[in-house]
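J.: here's a sequence, model it:
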Amino acid sequence: MDSDLKADDSCQSKDGMNLQREIGGSRSRGEFLELVFAHLTDAIFVVEPDGRIIDANPAACSMLGHSSDEPPGKRPYGFVTNVFGKDMLELIRSTKRGTTVTVQRAYRRGTGENGIMDLRLARLGCPGGDLLVASCRDLTEQKQLEERLRDLNERRSIEEELRRLNVELSQQAAHLRQVNQSLLDSEQRLRLAIETGRIGLWVWNSTDVTNSGDWSNRLKEIFGLPLDAEVTHDMFLKCVHQEDRERVNQSVMQALEGMNGGEYRAEYRTVHPRDGSEHWVTARGQAFFDSEGRAIRFIGMVMDITERKRAEEESIRLNLELEQRIAERTAALAQINRALELEIEGRKNAEHLARGQLEALAHTLDLLAQESDPDKLPKHVLYTILSQLGAASVTIRERNEESLDPLGIIEEGHFKTRREAGYFAGTLPVSGPAPPLWVEALQTGEHTVIEDINREPTRIILADGRTAIWHQKDLTRPFADLKVHLSAQGVRGLLISPMILAGRLDGIIGIGFTGTRVFGREEIDLTKALAAQAMLAVQLMRLSQQGRRAAVIAERNRLARDIHDALAQGLTAVIVQLEAAKDAQSQNLFNDAAGHVERASDLARESLAEARRSVHALRPLVLAETNLCAALEKLMAKMTMDTNLRGEFKVEGDPQALPQDWEENLLRIGQEVLTNALRHARASHLKMLLAFDSDAVRLELSDDGCGFDPAGRYDGFGLQSIKERVEAMDGQLTVRSAPEPGTEIFVLLPKYPRL
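T.: The predicted structure follows:
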């Protein structure tokens with residue numbers, strides 16, 4: 001039996017040698033296909049029925065980790081594990097012609113490493129006897145990838161919100177496995193590639209790679225070239241992506257120079273000339289050389305792997321997205337925890353601040369309520385700030401147009417006004433030339449800190465974090481004087497808080513400390529609250545001052561009106577009587593002249609009495625003796641007696657008692673109009689009507705003398721006095737006059753109070 005096997009081996013060896021000689025000498029299409037098979041990326045073994053390997057392509061040697069001359073003559077189970085070796089021969093013998101057997105087995109590389117491969121066996125009938133073709137595909141990396149994917153999927157359940165992403169990733173992974181499986185499940189990679197057109201083939205027949213080559217139609221389609229195109233090396237390089245072009249060309253040239261045994265491997269991007277679309281391809285090739293080492297033929301294949309690359313990129317993208325989501329979720333949780341901590345801390349600080357502010361504000365309000373002198377109100381707020389913040393000094397400045405003028409200061413425990421303090425007369429600007437960020441600090445309405453006045457240079461810090469440096473040599477006069485004064489008082493740190501009124505800067509409070517300070521949020525908030533109280537105190541002081549000024553002005557106006565009404569009008573009546581006496585005397589009417597002089601004397605005495613009463617703010621003498629209606633009638637009779645003016649007084653409605661100031665004002669208005677009619681209008685007739693309506697009081701006066709222009713300017717005080725008196729009673733005044741027709745004056749007092 002051994003002799004038979006040896007004979008078979010000898011015969012089959014001869015047949016194999018004959019077959020090799022036939023392959024070596026053949027120039028047919030079969031030779032071309034055999035060369036193509038030799039350069040496939042799948043591992044191919046040619047095996048005799050007894051299991052002996054007679055040939056293996058470079059891919060098979062590479063997969064097993066052996067040189068090209070080791071597999072021939074050996075049995076397949078020499079390269080696999082012991083468990084596989086026992087049934088290998090039976091598997092080979094049981095393979096029938098025309099059938100393909102597919103199994104997965106473990107194998108061992110030449111380096112001792114174990115792997116998994118997909119094995120396909122096909123029996124071929126050959127003239128010299130049957131041969132078996134074994135196509136092997138390494139599944140080791142795929143299996144490892146699947147295990148890693150399973151491990152990754154098991155970790156992707158961090159929280160409920162990431163489940164949707166895990167499902168999407170699992171779907172993408174399944175899609176990737178389907179794509180990979182579709183690539184791996186072909187019966188024969190070459191046959192499937194040729195039948196389906198997924199692999200393109202090329203042959204260069206010259207060492208000059210610029211000559212045209214033989215490209216299959218599928219290869220032209222992969223590169224996006226017309227099927228009738230004559231492809232040159234330059235055309236090929238133009239189809240390669242610009243970023244990969246130099247690397248690919250270098251790999252081609254190295255293969256043609258015999259490097260790496262003339263083997264060519266590359267994976268790169270292509271750009272279709274027609275539409276500019278990008279694709280990924282993997283290329284394998286082999287250069288053949290003559291006896292002198294010159295490349296005479298270059299054969300290879302190209303496969304489009306765009307779909308696989310996209311799947312890989314998508315998998316990477318999903319992994320990165322998952323990692324990013326996890327990082328974002330972790331960061332979000334950290335932020336939530338930090339926010340909770342800050343909220344708890346903020347509530348504690350807010351409660352502490354609220355208690356401190358309440359005590360300080362209540363204390364200050366008590367002091368303000370007890371102070372009878374409004375000018376001293378700001379002092380109490382400054383003392384509260386001094387004690388609450390433990391400050392060395394506190395200064396308050398009020399805004400005067402575009403400057404901040406000192407209003408008061410507490411130094412060495414004593415409050416001083418600007419005049420009492422007597423230091424630096426200059427004021428601080430609100431705008432214009434100033435050290436860096438000073439104007440901006442005032443505009444923000446927030447606090448400002450000057451760290452250390454004694455340090456050169458000095459740094460100023462705004463509430464929003466902006467900082468500036470103040471150099472002594474660059475400070476303007478008021479800031480330089482202020483720095484010298486504060487330094488002399490031992491002040492180093494300074495907190496400046498604005499006083500805001502109706503959204504506008506109305507002043508500032510400067511709080512000085514003997515050392516540098518870091519101010520907490522609660523201190524800043526308390527300072528703002530106290531600054532608001534200081535603003536209230538300043539405003540109350542201003543209103544008090546304005547009230548005093550208004551009272552003085554009102555009293556002056558009252559005296560002016562009373563002097564005008566009591567003295568000026570009385571003297572006018574005296575003058576009228578004296579002029580009448582003069583006229584009567586010129587006509588030798590001595591009795592009439594004596595009567596006029598007597599009436600002038602009476603009028604002068606009454607005017608003097610009215611003047612004395614006005615000084616003491618008493619009621620007019622005539623109103624002290626009678627009511628308004630009788631007083632007006634008596635006034636008209638006395639002033640028109642023995643004159644060319646005929647007066648007519650009339651009362652409508654039921655006379656009502658009016659407030660004293662109303663009766664005095666109406667009497668003085670009537671007196672003013674009578675005086676003007678006698679003195680200026682030269683009227684012959686004057687009508688006066690006092691009407692008491694159900695809801696108003698009316699005083700109407702009209703004369704037939706020469707009128708005047710009510711809109712003109714006059715030196716007299718009469719019309720202005722009438723206007724002021726009507727306004728004081730919230731009444732309405734109407735004056736109608738012209739140079740010829742005379743004058744009409746209407747006073748309407750609606751809703752008069754009934755006593």
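J.: what does the average pLDDT come to for whatever helix or strand residue 104 lives in?
T.: Using DSSP states H and E, residue 104 sits within strand 100-108. Mean per-residue pLDDT for strand 100-108: 82.
J.: next helix or strand past that strand?
T.: Moving toward the C-terminus from strand 100-108, the next helix or strand (DSSP H and E) is strand 114-124.
J.: what packs against the following helix or strand past that next one?
T.: Downstream of strand 114-124, the first helix or strand assigned by DSSP H and E is strand 131-138. If you count contacts as 3 or more Cβ pairs under 8 Å, 6 or more residues apart in numbering; DSSP states H and E, strand 131-138 packs onto strand 43-47, helix 58-64, strand 114-124. In short, each C-beta sits where N, CA and C put it, glycine included.
J.: what residues sit buried inside the helix or strand following strand 131-138?
T.: The helix or strand immediately downstream of strand 131-138 is helix 140-155, counting by DSSP H and E. Buried residues in helix 140-155, counted by 16 or more other Cβ atoms under 10 Å: 140, 142, 145, 149.
J.: gap between the nearest residue to residue 428 once chain neighbours are set aside and residue 451?
T.: Spatial nearest neighbour of residue 428, excluding adjacent residues (Cβ to Cβ, 6 or more residues apart in numbering): residue 404 at 4.4 Å. Computed as Cβ to Cβ, to the nearest Å, the residue 404 to residue 451 distance reads 21 Å.
J.: between these two, who's got more neighbours?
T.: Each of residue 404 and residue 451 has its neighbours counted (other Cβ atoms under 10 Å); residue 404 has more, 21 against 16.
J.: surely that one and residue 397 touch.
T.: Yes. Under the criterion of Cβ atoms under 8 Å, residue 404 makes contact with residue 397 at 4.2 Å.
J.: what is in contact with the two at once?
T.: 427, 428, 507, 508 (Cβ atoms under 8 Å, 6 or more residues apart in numbering).
J.: what about the stretch 401-550 of the chain, any weak spots by pLDDT?
T.: Within the stretch 401-550 of the chain, the stretches with pLDDT under 70 are 421-426, 533, 536-537, 539-550.
J.: quick one: the helices in it?
T.: Ranges of helices in the stretch 401-550 of the chain, per DSSP state H, counting those that start in this stretch, are 418-421, 438-444, 477-488, 521-562.
J.: can you give me the pLDDT of residue 3?
T.: Value for residue 3, per-residue pLDDT: 47.
J.: contact partners for residue 258?
T.: If you count contacts by Cβ under 8 Å, 6+ apart, residue 258 has them with 287, 289, 293, 295.
J.: swap in 6 Å and give it another go.
T.: With contacts taken as Cβ atoms under 6 Å, 6 or more residues apart in numbering, residue 258 has no neighbouring residues.
J.: again, but for the one 4 residues further on
T.: Under the criterion of Cβ under 6 Å, 6+ apart, the neighbours of residue 262 are 255, 286, 287.
J.: so which of those residues wins on neighbours?
T.: Greatest neighbour count in the contacts of residue 262, by other Cβ under 10 Å, goes to residue 287: 24 neighbours.
J.: from residue 290, how far off is the residue nearest to it when sequence neighbours are not counted?
T.: Spatially, and ignoring its direct neighbours in sequence, residue 287 is nearest to residue 262 (3.6 Å; Cβ to Cβ, 6+ apart). Distance of residue 262 to residue 290, given as Cβ to Cβ: 12 Å.
J.: residue ranges of the strands in the stretch 301-450 of the chain, please?
T.: Listed in chain order, the strands of the stretch 301-450 of the chain (DSSP state E, counting those that start in this stretch) span 393-400, 403-411, 414-417, 428-429, 448-450.
J.: low-confidence stretches in the stretch 601-750 of the chain?
T.: Counting by pLDDT under 70, the stretch 601-750 of the chain contains low-confidence ranges at 606-622, 712-717, 739-740.
J.: and stretch 251-268, which residues are buried?
T.: Buried-residue list, stretch 251-268, by 16+ other Cβ under 10 Å: 251, 252, 255, 256, 262, 263, 264, 266, 268.
J.: brain fart, stretch 514-531
T.: Quick answer for stretch 514-531 (16+ other Cβ under 10 Å): 517, 519, 523, 524, 525, 526, 527, 528, 529, 530, 531.
J.: that stretch: how far from the chain's middle?
T.: 27 Å (Cα atoms, centre = their mean, to the nearest Å).
J.: please apply the same query to stretch 496-510.
T.: The mean C-alpha position of stretch 496-510 is separated from the chain mean by 26 Å, Cα atoms, centre = their mean.
J.: now the helices and strands packed on strand 131-138 as CSV including distance to residue 538 and mean pLDDT?
T.: Converted to CSV, the helices and strands packed on strand 131-138 look like this (distance: least, Cβ to Cβ, whole Å; pLDDT from 0 to 100):
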stretch, distance to residue 538, mean pLDDT
strand 43-47, 97, 85
helix 58-64, 94, 82
strand 114-124, 90, 85
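J.: make CSV from these and add distance to residue 217 and mean neighbour count to it.
T.: Listed next are the helices and strands packed on strand 131-138 as CSV, based on distance: least, Cβ to Cβ, whole Å; neighbours: other Cβ atoms under 10 Å:
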stretch, distance to residue 217, mean neighbour count
strand 43-47, 25, 22
helix 58-64, 25, 21
strand 114-124, 27, 18
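J.: turn those into a markdown table, including distance to residue 603.
T.: Output for the helices and strands packed on strand 131-138, formatted as a markdown table (distance: least, Cβ to Cβ, whole Å):
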| stretch | distance to residue 603 |
| --- | --- |
| strand 43-47 | 144 |
| helix 58-64 | 142 |
| strand 114-124 | 139 |
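J.: what about residue 723, how many neighbours?
T.: 12.
J.: give me every residue that touches it.
T.: Residue 723 touches residue 733, counting by Cβ under 6 Å, 6+ apart.
J.: gap between it and residue 734?
T.: Residue 723 is 11 Å from residue 734, by Cβ to Cβ.
J.: same question, residue 453
T.: Using Cβ to Cβ, residue 453 is found at 66 Å from residue 734.
J.: who has more neighbours out of those two?
T.: Between residue 453 and residue 734, counting by other Cβ under 10 Å, residue 453 is the more crowded of the two (20 against 12).
J.: need the contact list for the more buried one.
T.: 483, 486, 487, 492.
J.: if I look at the third one, how far off is residue 428?
T.: Which is residue 487. The gap separating residue 487 from residue 428 is 17 Å, by Cβ to Cβ.
J.: okay, the two: which has more neighbours?
T.: Counted by other Cβ under 10 Å, residue 487 and residue 428 do not tie: residue 428 has more neighbours, with 21 against 12.
J.: my guess is that one meets residue 478, correct?
T.: Yes. Between residue 428 and residue 478 there is a contact at 5.4 Å, judged by Cβ atoms under 6 Å.
J.: identify the contacts common to these two.
T.: Residues touching both residue 428 and residue 478 (Cβ under 6 Å, 6+ apart): none.
J.: what are the ranges of the helices in the stretch 251-400 of the chain?
T.: Ranges of helices in the stretch 251-400 of the chain, per DSSP H, counting those that start in this stretch, are 306-370, 377-389.
J.: go through these and find the least confident stretch.
T.: The weakest mean pLDDT among the helices of the stretch 251-400 of the chain belongs to helix 306-370, with a mean of 69.
J.: picking that back up, what is the most widely separated pair among the buried residues of stretch 514-531?
T.: The span of those, defined through Cβ to Cβ, is set by 517 and 529 at 18.4 Å.
J.: any idea how this structure splits into domains?
T.: For the chain, automatic domain parsing gives the domain ranges 2-138, 189-304, 372-538, 628-755.
J.: and these as TSV, adding distance to residue 598?
T.: Formatted as TSV, those follow (distance: least, Cβ to Cβ, whole Å):
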stretch	distance to residue 598
domain 2-138	148
domain 189-304	125
domain 372-538	55
domain 628-755	11
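J.: which among those domains is found nearest to residue 325?
T.: Closest to residue 325 of the domains of the chain, according to Cβ to Cβ: domain 189-304, at 27.8 Å.
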